[in-house]
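>>> make a model of this:
(2 chains)
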2 protein chains.
Amino acid sequence: MKILDVRETTAKLQSNMRNAVIDFSRMTVGIVAVVTDVMRDGKPVIGYGCGSNGRYAQGGILRERLIPRLLEADPDDLLDENHENFDPFRVQACMMQNEKPGGHGDRAVAAAGVDMAIWDAVAKIEGKPLWRVFSERFNEGQYKNSVPVYPGGGYYYPGREIEQLQDEMRSYQEQGYRLCKMKIGGADLDTDRRRIEAALEVVGSGENLAVDANGRFDLDTALAFGEAMEPYRLAWFEEPGDPLDFALNTQLAQHYGQSIATGENLFSVQDAKNLALYAGMRPDLDWIQLDPALAYGATEFIKALGALRPLGWAPERHVPHGGHLLGLHLAAGLELGGTESYPLVFQPYGGFTDDAIIEDGATTPPEAPGLGVEQKADLYEVLKPLGEA
Amino acid sequence: MKILDVRETTAKLQSNMRNAVIDFSRMTVGIVAVVTDVMRDGKPVIGYGCGSNGRYAQGGILRERLIPRLLEADPDDLLDENHENFDPFRVQACMMQNEKPGGHGDRAVAAAGVDMAIWDAVAKIEGKPLWRVFSERFNEGQYKNSVPVYPGGGYYYPGREIEQLQDEMRSYQEQGYRLCKMKIGGADLDTDRRRIEAALEVVGSGENLAVDANGRFDLDTALAFGEAMEPYRLAWFEEPGDPLDFALNTQLAQHYGQSIATGENLFSVQDAKNLALYAGMRPDLDWIQLDPALAYGATEFIKALGALRPLGWAPERHVPHGGHLLGLHLAAGLELGGTESYPLVFQPYGGFTDDAIIEDGATTPPEAPGLGVEQKADLYEVLKPLGEA
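Down below sits the predicted model:
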């Protein structure tokens, strides 16, 4: 049993939106295919993976460092003890040979794409949906059959701020979502307050509305927004400041009595531990939003879950960023709080399988073996040529 | 006044050594040339830069993200207010457009190479050595004419541990160095203790010997080594644990009464602030070792110096990692505690100008305009074809 090839290429994100920090029109994403010599249903098992949005394709790091290490490894070193399947933890260790500790950024994105493809292959070899593999290996067989999902959206619409935001929120409600998220920080506080109140009219109550500042605020602005938003009792206030500004987050948490959510721009177990230790985050109130498709993959996410548990963070308090299939499988199999969803943007990488139904703010994880990319037609159309080339 | 081209390529490091964590034989380094339309001495000013060791060349990030942004910018946006020179801070802001906050790793290495080349060009345009530019702009004209330097070395020599380590330390002393650094953590504590005592015989006293664990130890091992080494009163105990394991560092600092040094694997102002805030580091005793040639360049280093000063960290407590010319210029112009030196390894990127004399553990910064790469023949031989192509 061995990996025959690891292929990667760079694709464009179909997204013209921008948030408070970046313009996505020139954003790229890396896609990965791991071709194995394992046969299932008369065909070789091919694992597929991709990065998440916001951090660009990482072809250089993949071609020059991570992929050569995998292809040069003794194939047995990448297998589990019984040589019955690939071992994602050993694959990660192999990719990280001769990499120094610290500096978790683009490298974590590169590794995440390969890791996703490896887990897809592992689950296909087991003949199970990936969430079931996670559940059996790491959660004593427990899982969520109904996973809370919420759309990341709520964009700015210059000139038609209120009406179009309400239209967007209404469309999510009609699709079956309950909790929705909207951007803040791209306008002044008064404008954002009007936008929040307009969104609340549609979603009904604060528990159905989260706001996302995309790491834009300094301390004073974060505190001012926090004070203004506290009466709305929102679901959460996301990424108020720089993702590494633990001091800012601590001070905000001392003043803002409602939930804070952050973590999508942290890329390792160690950074996640520091967030839990130093950022004033409250395990009974706040949310951690690591993105496994940016941060060394499900393998690192599972390690982070284990490292944060003794610090008081139950799996229920994790809600992965990224709106992709991997987040859904992790949320289902490890009983996380939920996962993000991207009905409108970051296609075809965002979103779930084509048959996914959103009902009362939740969805059911897919049943096909693996990650389910073959059941998401637009995504498979991009991935298939790489794997079957 | 404008940048005509930014060129980059990948080069090999001449190094067969390995430390406790990585094998350097396949390590690469990125080199950068910034070609300008400014004429000095009848020739266009070309700024040269390179990454530091340990983090690989970053051609993908440079070609796909950072360089296009510079070449597409309005040239005036990269100049200082009077349009008399390039402004490295504006250049950094331009390179970082559409980059999300957090995740400071390979991107920081890529940006550092360009930043070094920009500062080289800025100083050449001013007709001054770079240390003098730093001194005049950021240190009220004060500088160190005699900069403490120490060789990073003290390698493992399987089979001839003691004799060859002593030979290496003796050779540094003969070259004029006083403080030397040696690796630990590649062997058990007893072996390392014998190696330390052997090195002390040559360098004379603990204040002339630092030890470097390259981030390898867990807490128990760090504490055990700390306890065993405390009586030697060493210059410092470098990178005891994972560079982001602030909790480990805090606990070690509570038990180890001698100096700790770390920071070479942190890549941003924000990470450096977190080190100062959460890692138990003692500003009267410990050392911070950011590597400007890995971490977004001198521009970010200067910001970090400013951010850490109100937290109690004087410039004197900074000793840049990397053993390159940039560290020497920063140490001289900003009156840092000193800088690393690589007499044996990481050539031709490590080391100072060819005429540098090490005397009593210190050296004098170069007088030629710019960084001085033209006065380091082996380095200029690699860089020149890129700039003058």
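>>> hey, let's count contacts and neighbours off CA atoms from now on
Fine.
>>> ok, the biggest helix by length in chain A near chain B or not?
As assigned by DSSP state H, the longest helix anywhere in chain A is helix A:106-126. Yes. Helix A:106-126 reaches chain B (C-alpha under 8 Å from any C-alpha of the partner chain) through A:106-107.
>>> tell me the buried residues in that helix?
Neighbour-count burial for helix A:106-126, counted by 16 or more other C-alpha atoms under 10 Å in any protein chain shown, picks out A:106-126.
>>> and the strands in chain A?
For chain A, strands defined by DSSP state E occupy the ranges A:3-12, A:28-40, A:43-50, A:147-151, A:180-183, A:209-212, A:236-238, A:260-262, A:287-288, A:339-341, A:362-363.
>>> show me the one of those that comes nearest B:Leu275.
strand A:260-262 (20.0 Å; C-alpha to C-alpha).
>>> where's that closest one relative to the chain centroid, distance-wise?
14 Å (C-alpha atoms, centre = their mean, to the nearest Å).
>>> what does stretch A:282-297 give?
8 Å.
>>> is chain B within reach of that stretch?
No. Judged by C-alpha under 8 Å from any C-alpha, stretch A:282-297 and chain B are separated, with a smallest distance of 9.3 Å.
>>> mind listing what's buried in that stretch?
For stretch A:282-297, the buried set under the neighbour-count rule, 16+ other C-alpha under 10 Å, comprises A:282-283, A:286-297.
>>> residues of the stretch 201-350 of chain A that sit close to chain B?
Residues of the stretch 201-350 of chain A lying near chain B (C-alpha under 8 Å from any C-alpha): A:215, A:242-246, A:265-267, A:270-271, A:274, A:278.
>>> what about 6 Å?
Proximity of the stretch 201-350 of chain A to chain B (C-alpha under 6 Å from any C-alpha of the partner chain) is limited to residues A:243, A:265.
>>> just the helices from the stretch 201-350 of chain A, written as ranges.
Using DSSP state H, counting those that start in this stretch, the helices found in the stretch 201-350 of chain A span residues A:219-229, A:246-255, A:269-278, A:297-308, A:325-333.
>>> now do the fourth one: everything it contacts.
When you say that, I think you mean helix A:297-308. A:112, A:115-116, A:269, A:292 (C-alpha atoms under 6 Å, 6 or more residues apart in numbering or on different chains).
>>> rewinding a little: ok, the buried residues of stretch A:282-297 vs A:Ala222, which is closest?
The closest of the buried residues of stretch A:282-297, once distances to A:Ala222 are taken by C-alpha to C-alpha, is A:Asp286, at 15.9 Å.
>>> what pLDDT is listed against the residue located most distally from the centre of chain A?
Residue farthest from the centre of chain A, counting by C-alpha atoms, centre = their mean, is A:Gly42 at 32.7 Å. Looking at A:Gly42, its pLDDT reads 94.
>>> which positions in the stretch 1-150 of chain A make contact with chain B?
Going by C-alpha under 6 Å from any C-alpha, the residues of the stretch 1-150 of chain A near chain B are A:22-23, A:60, A:98, A:102-106.
>>> tell me which two in those residues are the farthest apart.
The largest separation in the residues of the stretch 1-150 of chain A next to chain B, counting by C-alpha to C-alpha, is between A:Asp23 and A:Asn98 at 34.0 Å.
>>> got the contact list for A:Asn208?
A:178-179.
>>> any idea how far it lies from A:Ala356?
21 Å (C-alpha to C-alpha, to the nearest Å).
>>> where does the prediction get shaky in chain A?
A:14-22 (pLDDT under 70).
>>> per-domain residue ranges of it.
A:3-127, A:138-376 (automatic domain parsing).
>>> residue contacts, whatever residue of the stretch 251-389 of chain A ends up closest to chain B?
Relative to chain B, the nearest point of the stretch 251-389 of chain A is A:Asn265 (5.5 Å; C-alpha to the nearest C-alpha). Applying C-alpha under 6 Å, 6+ apart to A:Asn265 gives the contacts A:243, B:102.
>>> could I get the phi/psi values of it?
The phi/psi pair for A:Asn265 (degrees, to the nearest 10) reads phi -110, psi 30.
>>> and the contacts of stretch A:148-166?
A:179-183, A:195, A:199, A:338-342, A:361-362.
>>> before we move on, back to that, output the contacting helices and strands for the longest helix of chain A.
Secondary-structure packing of helix A:106-126 (3 or more C-alpha pairs under 6 Å, 6 or more residues apart in numbering or on different chains; DSSP states H and E): strand A:43-50, helix A:297-308.
>>> go again with 7 Å.
strand A:28-40, strand A:43-50, helix A:88-95, helix A:130-138, helix A:297-308, helix B:106-126 (3 or more C-alpha pairs under 7 Å, 6 or more residues apart in numbering or on different chains; DSSP states H and E).
>>> pull the CA atoms of it into PDB?
Output in PDB follows, covering the C-alpha atoms of helix A:106-126 (Å, rounded to 0.1, in the frame of the first residue of the first chain):
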ATOM      1  CA  ASP A 106       1.700  29.500   4.600                       C
ATOM      2  CA  ARG A 107       3.300  26.200   5.400                       C
ATOM      3  CA  ALA A 108       0.300  25.300   7.500                       C
ATOM      4  CA  VAL A 109      -2.000  26.000   4.600                       C
ATOM      5  CA  ALA A 110       0.100  23.900   2.200                       C
ATOM      6  CA  ALA A 111       0.100  21.000   4.600                       C
ATOM      7  CA  ALA A 112      -3.600  21.300   5.200                       C
ATOM      8  CA  GLY A 113      -4.400  20.600   1.600                       C
ATOM      9  CA  VAL A 114      -2.400  17.400   1.600                       C
ATOM     10  CA  ASP A 115      -3.800  16.400   5.000                       C
ATOM     11  CA  MET A 116      -7.400  16.800   3.700                       C
ATOM     12  CA  ALA A 117      -6.600  14.500   0.700                       C
ATOM     13  CA  ILE A 118      -5.000  11.900   3.000                       C
ATOM     14  CA  TRP A 119      -8.100  11.800   5.300                       C
ATOM     15  CA  ASP A 120     -10.300  11.600   2.200                       C
ATOM     16  CA  ALA A 121      -8.300   8.500   1.100                       C
ATOM     17  CA  VAL A 122      -8.300   7.000   4.500                       C
ATOM     18  CA  ALA A 123     -12.100   7.200   4.700                       C
ATOM     19  CA  LYS A 124     -12.500   5.900   1.200                       C
ATOM     20  CA  ILE A 125     -10.300   2.900   2.000                       C
ATOM     21  CA  GLU A 126     -12.400   2.300   5.100                       C
END
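>>> how big is the angle separating it from helix A:297-308?
100 degrees (axes from the mean of the first three to the mean of the last three C-alpha atoms, to 10 degrees).
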